[in-house]
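Enquirer: no sequence for this one, just the structure:
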């Protein structure tokens, strides 16, 4: 449980010289599946290639966090969005684009 923790600038992704866990098709550097990050500060955290399946991020600060190649396992809850049908993270990792059942498209800043 990481609720309320200050993990700003933390590295849950690759570190120079580190080896990934898993096969070539399943490379993850940190597996914190099922973690609770409610109200945690993950601003500017390096989450590249982390496995974050079934994690809770309610009211977490994700501003500037790098989500490149992160495995979530399920779509995250986006507050203010109704019935999200698809989600995409921009290539620069700074925004999430969501599409709702009513064809509304929203851009969310991380």
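Expert: Happy to help now that I have it. Not measured: the values here are computed from a predicted model.

Enquirer: residue 95: neighbouring residues, count only.
Expert: Neighbours of residue 95 under the rule other C-beta atoms under 10 Å: 14. All C-beta atoms are positioned from the backbone trio N, CA, C, and that covers glycine.

Enquirer: ignore the last one, residue 55
Expert: A total of 21 residues lie near residue 55 under the criterion other C-beta under 10 Å.

Enquirer: nearest spatial neighbour of it, skipping sequence neighbours?
Expert: Leaving aside its chain neighbours, residue 55 sits nearest to residue 35 (4.7 Å; criterion: C-beta to C-beta, 6 or more residues apart in numbering).

Enquirer: now do the one you found, the pLDDT please.
Expert: The model reports residue 35 with a pLDDT of 86.

Enquirer: ok, the spatially most central residue of the chain - contacts?
Expert: Nearest to the geometric centre of the chain sits residue 67, at 5.1 Å (C-alpha atoms, centre = their mean). Residues near residue 67 by C-beta atoms under 8 Å, 6 or more residues apart in numbering: 47-48, 89, 93, 110.

Enquirer: and which of those is nearest to residue 58?
Expert: Closest approach between the contacts of residue 67 and residue 58, by C-beta to C-beta: residue 110, at 15.3 Å.
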